[in-house]
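S.K.: Everything below, folded, please.
(2 chains)
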Amino acid sequence: MRVGISLLLLLSCFLFSFSLDLKGVSYKKGRGLRIEPLRSTVGGYITTAYEKSESYEEFSLDDIALLIYGRPFNRVRYFLEFELNESYVVSNGKERTKRKIDFERLYLDLEQSDALKIRVGRFITPVGLWNPIHINVLKWTTSDPLTATEFFPKFTTGVQLFGELPHDFSYSLFFQNNNGISENYNNFLIKKLVGGEVRKGLSDSAKIGLNGGWFEIKEPKEELTFFGLNTIYRVPRIELSGELMYAIEKEKYVPGSTLWSYRLSYYLQGVYRVFRGNYAILRYGHFKDKSDGRDYRILTFGWNYRPVYYIALKAEYQLREKRELSRFLASFSWMF
Amino acid sequence: MVLALGILLAFWWTFAVWGGDIVFVVSKDVKVENLSRKELRKILLREKDFIDGHPAVPVNLPPDNPLRKEVEEKILNMDEEELQLFWNRKYLNGIDPPLVFASQTAVKAFVKRIKGAIGYIDESQLDKDLKVIFRLKR
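M.R.: So this is what the prediction gives:
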């Protein structure tokens, strides 16, 4: 509780420090407080979200996150982000609060060269287009496509090797063989993970990526081997993107017996800047999991309004085949 | 006399209004002779972190500076709003945008002092302590 109050006090200091300009310390809206003598920046973001479907309604203070990062030495970077997640939620009229602070990211980068950088700690799993930008304020819509939530852990606690290669290739390799930091604050509870992604820049505007990996879920006992393909094309006013993920599931619920299954998902998304700060989003996604029979087709219509670059207001409607699953989502997020 | 004045005026117009090429410069001690537009773009967007083994430190002119506008359009190939969204993503991943200096003189002074610093100026501002590694024709 005390930690939460301290965090909120710290946040308040930032919110009221817009005009702060001490020697070597400067604040810029949406870009954090730069502390030059420490070669560090302190900032964060806040998100609130609303969801309404036929039988469910929820309002949540989704994220209050504080981040501190810097480059204390020429070849060393650090990044720390902790947050109060879903600290206040009202679902179908019932209130609940959570006072737990989780580490979203906590890592150290050692930079040998552009071709070889090493990251150690808890970091966002560098797979696909959507997962690396999963923070609400950066996303086009409040909801995530299922390619980003059902195929690999959002976070890894381990080691990542990454870098830029000739001919506009880049790569990431990641490994985990231990319990995770804030391990319950992840979409899968895992202990072992290995994977990688290769990306190729086709031009200033277009990129293509190929990924794959394997991980073991602690409970229920299950292994997933995943493969993915993604591409993005971005020019002023327009962004087109798509991802495809496929995973082979090895379920070991009953000792001595193994069940094999698969899951598949893809989405195609178009974003169009209608006028300054206003974006229309159309996304079609399909998800199928043979093991439990889930089969969703989701058409999302969204609007993203950015009155200034550090604030995003979003609204979307998800149309599903089963009408009771269709829902409206909205969110407000603010970087400071 | 009138013709000579006309020619002079034409020269003044050409160089004062349109300026020379925009040149990207590093300290003369940096052992890099030139960069491709792609490499330069990556450095400005902080996607390439090293130049001649030194940490690359790109520097910018203020947002309303005409040289910067031209660099954003012709090198980065992004408009202002796109760039803001791009730096949002970078910020929340621990990367700050390039430092901003108020004038070309300040850019030159910084580039001379810091190995790995890279800035852009009008070619008329060049001096012997700077090395041109990319030229943006105007």
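
S.K.: what sits against residue B:56?
M.R.: With contact set as Cβ atoms under 8 Å, 6 or more residues apart in numbering or on different chains, residue B:56 has these partners: B:43, B:48-50, B:116, B:118. Glycine gets a C-beta too; all of them are placed from N, C-alpha and C.

S.K.: The closest residue to it other than its chain neighbours: how many residues sit nearby?
M.R.: Computed as Cβ to Cβ, 6 or more residues apart in numbering or on different chains, the closest residue to residue B:56 that is not its neighbour in sequence is residue B:43, at 4.9 Å. Residue B:43 is flanked by 25 other residues according to other Cβ atoms under 10 Å in any protein chain shown.

S.K.: what comes up buried for whatever helix or strand residue A:81 lives in?
M.R.: Secondary structure from DSSP states H and E places residue A:81 in strand A:76-91. Across strand A:76-91, burial judged by 16 or more other Cβ atoms under 10 Å in any protein chain shown covers A:77-87, A:89.

S.K.: Now for the residue nearest to residue B:56: which residues touch it?
M.R.: Counted by Cβ under 8 Å, 6+ apart, residue B:43 has contacts B:35, B:51, B:56, B:58, B:118.

S.K.: how close does residue A:232 get to chain B?
M.R.: 13 Å (Cβ to the nearest Cβ, to the nearest Å).

S.K.: Repeat that for residue A:100.
M.R.: Counting by Cβ to the nearest Cβ, the gap from residue A:100 to chain B is 22 Å.

S.K.: how about residue A:122, secondary structure?
M.R.: strand (DSSP: H, G, I helix; E, B strand; the rest coil).

S.K.: Please give the element, helix or strand, for residue A:119.
M.R.: Using DSSP H and E, the element containing residue A:119 is strand A:117-124.

S.K.: Could you list the residues in contact with that strand?
M.R.: Contacts for strand A:117-124 (Cβ under 8 Å, 6+ apart): A:79, A:103-112, A:131-132, A:134, A:154-163, A:174, A:180-182.

S.K.: Within range of chain B, give me the residues from chain A.
M.R.: A:30-32, A:34, A:41, A:43, A:45, A:67, A:69-70, A:74-75, A:77, A:79, A:111, A:113-114, A:132-133, A:135, A:137-138, A:164, A:168, A:204-205, A:234, A:236, A:273, A:276-277, A:306, A:309-310, A:335 (Cβ under 8 Å from any Cβ of the partner chain).

S.K.: In PyMOL, how would I select just the buried ones from these?
M.R.: This is how PyMOL selects the buried members of these, with burial counted by 16+ other Cβ under 10 Å:
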select buried, chain A and resi 30+31+32+34+41+43+45+67+69+70+77+79+111+114+132+133+135+137+138+164+204+205+234+273+277+306+309+310+335
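
S.K.: Phi, psi for residue A:137 please.
M.R.: Torsion angles at residue A:137 (phi, psi; degrees, to the nearest 10) stand at phi -60, psi -20.

S.K.: residues touching the closest residue to it other than its chain neighbours, list them.
M.R.: Take residue A:137 and drop its neighbours on the chain: the residue closest to it by Cβ to Cβ, 6+ apart is residue A:333, 3.8 Å away. Residue A:333 makes contact with A:45-48, A:63, A:136-137, A:311-312, A:314 under the criterion Cβ under 8 Å, 6+ apart.

S.K.: And residue A:191, by the same measure?
M.R.: Contacts of residue A:191 (Cβ under 8 Å, 6+ apart): A:176-180, A:216, A:218.

S.K.: can you rerun that using 6 Å?
M.R.: residue A:218 (Cβ atoms under 6 Å, 6 or more residues apart in numbering or on different chains).

S.K.: Which element, helix or strand, includes it?
M.R.: Residue-wise, residue A:191 maps onto strand A:190-201 under DSSP H and E.

S.K.: buried ones in that strand?
M.R.: A:190, A:193-197, A:199, A:201.

S.K.: what's the next secondary structure element after that strand?
M.R.: Beyond strand A:190-201 toward the C-terminal end (DSSP H and E), the next one is strand A:206-217.

S.K.: Could you list the paired strands of the strand holding residue A:81 along with their orientation?
M.R.: strand A:57-73 (antiparallel), strand A:94-97 (antiparallel), strand A:101-111 (antiparallel) (DSSP bridges).

S.K.: Let's have those in CSV, adding mean pLDDT.
M.R.: Output for the strands paired with strand A:76-91, formatted as CSV (pLDDT from 0 to 100):
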stretch, mean pLDDT
strand A:57-73, 93
strand A:94-97, 91
strand A:101-111, 95
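
S.K.: which one of these lies closest to residue B:128?
M.R.: strand A:57-73 (31.3 Å; Cβ to Cβ).

S.K.: Contacts for the closest one next, please.
M.R.: By Cβ under 6 Å, 6+ apart, strand A:57-73 touches A:39-51, A:77, A:79-81, A:83-92, B:94.

S.K.: now do 7 Å
M.R.: A:7, A:10-11, A:38-51, A:77-92, A:104, A:136, B:94 (Cβ atoms under 7 Å, 6 or more residues apart in numbering or on different chains).

S.K.: Please give the centre-to-centre distance between that strand and its chain.
M.R.: Remark: strand A:57-73 is offset 12 Å from the chain centroid, using Cα atoms, centre = their mean, to the nearest Å.

S.K.: Check stretch A:297-313 too.
M.R.: 16 Å.

S.K.: Break down chain B into its helices, ranges please.
M.R.: For chain B, the helices defined by DSSP state H occupy B:2-12, B:37-44, B:66-71, B:80-91, B:104-113.

S.K.: And chain A, by the same measure?
M.R.: Using DSSP H, helices in chain A cover A:2-15.

S.K.: Where in it is the helix or strand with the lowest mean pLDDT?
M.R.: Averaged element by element with mean pLDDT, DSSP states H and E, chain A has its least confident helix or strand at helix A:2-15 (a mean of 51).

S.K.: List the beta-bridge partners for the residue nearest to the spatial centre of chain B.
M.R.: Against the mean C-alpha coordinate of chain B, by Cα atoms, centre = their mean, the closest residue is residue B:120 at 2.1 Å. In this entry, residue B:120 is beta-bridged to residue B:24, by DSSP bridges.

S.K.: Kindly report the same for residue A:123.
M.R.: With DSSP bridges as the rule, residue A:123 is bridged to residue A:156.

S.K.: For residue 23, grab the count of nearby residues.
M.R.: Picking chain A for this. 7.

S.K.: hm, I was asking about chain B
M.R.: Around residue B:23 there are 20 residues (other Cβ under 10 Å).

S.K.: show me the contacts for it.
M.R.: Counted by Cβ under 7 Å, 6+ apart, residue B:23 has contacts B:120-121, B:123, B:126, B:132, B:135.
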